[in-house]
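A.B. asks: starting from these lines, generate the structure:
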Amino acid sequence: MAEHTALSKRRPEVDADWADLAAHWEIRSDTTYLNHGSFGPSPRVVRETRRGYIDALDSQPMDFYVRQFEPLLLEARTRLADFVGTTRKNIVFAENATFAMNVVADSFPLQEGDEVLLNDHEYGAVVRIWERRCRRVGAQVKVVPLPERFETVDQVVAAITAGINSRTRLTILSQITSPTAIILPVAEIAAACRERNVAVCVDGPHVPAQIDLHLDTLGVDFYCASLHKWLCAPLGTGFLYAHPRWQSIVQPQLLSWGRLLPALPEQWDEQFTWSGTRDASLYLSVPAAIDFMTNTVGIETFRSRCYWLANEAGQRLRELTGQQPLAPTSGGWYGTMCHVPLPPGDWSQLQTWLWEVHRIEVPIIHFNSRWFVRVSSHLYNTTAQIDQLVRAIAARLGK
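C.D. replies: The predicted structure is shown next:
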């Protein structure tokens, strides 16, 4: 409790107040890492926890798999379920959101002539997943455009529902879009889809820890997420949520025993427990990440700093480029990532140049015929690093 009291006094804008937390990461010394939203490195305690499980497995595999694995995995799932606002029976671990989305695509009942609705801000891999699924059964993927400029929740809901017709069976949408970093009003969209008898599957790899997540009240049918981003669990950890009304149809892509013999799976989630001899340390380390972010740091403390860093980077880049983002910078449209358009031109080599010349890792994204810079920071980042990025882009702009 005393630590939380001290944490609450940290000033979001003062780098020195965060130096002790930044020390939990070991980012390579030659790198300015402003891309936590793609591949988020874990703090030391998570890596040490994982190493402990690897050592336990390697030193006595039979004891670890046969006697320890299932109870440890169930406990890890329970901790995760509590964190994302549901119960253990509704979620299973997956390698990442993409893996979970493939499970949904392979399980969801589609027939010839059905439609799956997506929008133009969706992650490209998700579009490919559903295009393949639809080709196999003779269904169609329909992509609707979201507003060129976001203003209101009702505007976004209307853009999605405008694409629904009598053939629409499922809507796929991100809660936080990958190419544009916008927080979509998923609860309102899901409610509108339910009124039209359309199921909703959410792609949520950027959500855990960045914003609140309460799956049991969100009103969606499926939720696919990664845990290696803002929660800082090991790379290769995520989950799939399935509402109870759909659990009987969900099948693992990789079929094995489901549980270690002599036990056999009886519930949908048990089909995902044992899929062969694998490295269990990844999933078992998720509770360490939850403990670090909720107890050592504090979720609201984390957000106060990283929201500030995102806002600072966004403001500095907007001043530099003279460009405005796709959504208002207030009102909850953005979280720990900023997304700023670059001036008209060909910026296809900018990301490579930033790394090769300045050793800055930051994605330069091409979206709807325009180029954008997407900055995503965590507790190891500093205002000085944002300054470095802005100076580098200014030099590239000739300013």
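A.B. asks: which other helices and strands contact the strand or helix carrying residue 352?
C.D. replies: Under the criterion of DSSP states H and E, residue 352 resides in helix 350-358. Helices and strands touching helix 350-358, by 3 or more Cβ pairs under 8 Å, 6 or more residues apart in numbering; DSSP states H and E, are strand 360-361, strand 364-367, helix 383-397. Glycine gets a C-beta too; all of them are placed from N, C-alpha and C.
A.B. asks: just to be sure, residue 38 is in a helix?
C.D. replies: No - assessed by DSSP: H, G, I helix; E, B strand; the rest coil, residue 38 does not belong to a helix; its assignment is coil.
A.B. asks: per-residue confidence at it?
C.D. replies: Predicted confidence (pLDDT) for residue 38: 95.
A.B. asks: now do the one 5 residues further on
C.D. replies: Predicted confidence (pLDDT) for residue 43: 98.
A.B. asks: residues near it, how many?
C.D. replies: For residue 43, the count of nearby residues is 23 (other Cβ atoms under 10 Å).
A.B. asks: report the contact partners of it.
C.D. replies: If you count contacts by Cβ atoms under 8 Å, 6 or more residues apart in numbering, residue 43 has them with 24-25, 232, 289, 292.
A.B. asks: any idea how far it lies from residue 35?
C.D. replies: For residue 43, the distance to residue 35 (Cβ to Cβ, to the nearest Å) stands at 17 Å.
A.B. asks: can you show me the helices along the stretch 201-350 of the chain?
C.D. replies: For the stretch 201-350 of the chain, the helices defined by DSSP state H, counting those that start in this stretch occupy 215-218, 281-284, 286-291, 299-321, 350-358.
A.B. asks: how about those, which one is nearest residue 82?
C.D. replies: helix 286-291 (8.4 Å; Cβ to Cβ).
A.B. asks: buried set for the closest one?
C.D. replies: Buried residues in helix 286-291, counted by 16 or more other Cβ atoms under 10 Å: 286-290.
A.B. asks: count of neighbours near the nearest residue to residue 26 once chain neighbours are set aside?
C.D. replies: Take residue 26 and drop its neighbours on the chain: the residue closest to it by Cβ to Cβ, 6 or more residues apart in numbering is residue 44, 6.7 Å away. Around residue 44 there are 12 other residues, counting by other Cβ under 10 Å.
A.B. asks: over to residue 109?
C.D. replies: 11.
A.B. asks: any idea of the pLDDT on it?
C.D. replies: Listed pLDDT for residue 109 reads 97.
A.B. asks: quick one: classify it as helix, strand or coil.
C.D. replies: Under three-state DSSP, residue 109 comes out as coil.
A.B. asks: pull the contacting residues for it.
C.D. replies: Contacts of residue 109 (Cβ under 8 Å, 6+ apart): 169, 249.
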